[in-house]
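A.B. asks: sequence first, predicted coordinates after that:
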Amino acid sequence: MVSDATGQVDQSQDEYNRNSDIRYGAHCPGVVELIFKDNKHYIALTGVIVNLSVTGCLFSNDQMPWADRDASKAPESVFDVINERCRVYIPWINTNASGKIRRIGSFIIAVEFDQPLNEALVKSIASLEPNRKRRFKPRTPGKYNRVLPIKR
């Protein structure tokens, strides 16, 4: 009987195998670009990448258009109007990555990258301390944090 119970525990652990990449705490500026399902509008959100791994990141922004809505209703309504595909820009390392939105909240967006980032690069971003030299100031702030038409 003991061996049966142990076998069941091992089997249930195998079924619950989640992505186990190391997640590093980060505090670096970032931009997440979301495209609406109508393919006519987009929004580029500026914020902070607070959690970074080789396969994804957690982006935080307090200026999201849905931040003032009820948190329990926001995910359904947001996923109804935006594509799950997105692009993340990390200005500190002058790189971008395409990905898929895995979770969305009132102030966060969790993104899974299509292609893994270099692990050494992720570690170096996580080790950098924020200061005035590493702030992101867009040249044209009017293009961020608001819905804009896609130019064709």
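C.D. replies: Looks like it came in fine.
A.B. asks: looking at the protein, which helix or strand is least sure?
C.D. replies: Between all helices and strands in the chain, the lowest mean by mean pLDDT, DSSP states H and E belongs to helix 2-15, at a mean of 44.
A.B. asks: distance from the helix or strand just after it to the middle of the chain?
C.D. replies: Next helix or strand after helix 2-15 toward the C-terminus (DSSP states H and E): strand 24-36. Between the centre of strand 24-36 and the centre of its chain there are 6 Å (Cα atoms, centre = their mean, to the nearest Å).
A.B. asks: just checking, next helix/strand downstream of strand 24-36?
C.D. replies: Following strand 24-36 in sequence, per DSSP H and E, is strand 41-52.
A.B. asks: how about that following strand: buried residues?
C.D. replies: Tyr42, Ile43, Ala44, Leu45, Thr46, Gly47, Val48, Ile49, Asn51, Leu52 (16 or more other Cβ atoms under 10 Å). Backbone N, C-alpha and C define where each C-beta goes, glycine included.
A.B. asks: are there helices or strands packed against whatever helix or strand Cys86 lives in, and which ones?
C.D. replies: Cys86 is part of strand 82-90, with elements assigned from DSSP H and E. With contacts defined as 3 or more Cβ pairs under 8 Å, 6 or more residues apart in numbering; DSSP states H and E, strand 82-90 has these neighbours: strand 24-36, strand 95-104, strand 108-113.
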